[in-house]
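**Q** fold the following, please.
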Amino acid sequence: MRESIGSTWLLGLVVAFILIFASFLSLSLNYSKSFKLKNEILSIIEKYEGVQETSINIINNYLTYNSYNTVHTCKTGEYGVSSLNSPELKYVESNDKTRYLYCIKKQKSQSSSANANQFKYEVKLFFNFKLPVIGDLLTFDIKGSTLEMTNPIDDLTWQ
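**A** Below you'll find the predicted structure:
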């Protein structure tokens, strides 16, 4: 009887370590995929010198190709994309609870240069903490910003 109780405890310990390992592996894979997607979006915005219909179409096609589908809410003052099928950016109001695929924010550059028309874009993507049996537990943000751009091509307001 003593051996059966001891082996049950050991089996529970093994299952717990497997669950911890699987959750760590899932978290690191989802984070690295989202980080790669965020960097590519920043590169596209820098290449096209701003956020416009062409760059949004390319970003949406890239995210569709990479099977990105994580949604979350954006903060007030950001622009959100709720569908990868249209190049529409929606300005997020104060009480907007719509879930977006990614968020873009135009910011005035903090540099000390004399040029007053320098802006940066902040991009926010999301990734889920998924476990194989349990499913989605948490959603995290990944933020990044572009290099400074002088007179970017867009109609976005800045914060």
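**Q** so the residue nearest the centre of the chain, which of the three states?
**A** By C-alpha atoms, centre = their mean, the chain has its centre lying nearest to L125, at 1.0 Å. Using DSSP: H, G, I helix; E, B strand; the rest coil, the structure places L125 in strand.
**Q** my read is that it contacts K36, right?
**A** No: counting by C-beta atoms under 8 Å, L125 sits too far from K36 to count as a contact (10.0 Å). Just so you know, the C-beta spots here come from the backbone N, C-alpha and C atoms, and that holds for glycine as well.
**Q** after the helix with the most length in the chain comes which helix or strand?
**A** Longest helix in the chain, counting residues (DSSP state H): helix 2-47. Once the chain leaves helix 2-47, the next helix or strand it forms, by DSSP states H and E, is helix 53-65.
**Q** who are the packing partners of that next one?
**A** helix 2-47, strand 79-81 (3 or more C-beta pairs under 8 Å, 6 or more residues apart in numbering; DSSP states H and E).
**Q** which one of the ones you listed lies nearest to T70?
**A** helix 2-47 (7.5 Å; C-beta to C-beta).
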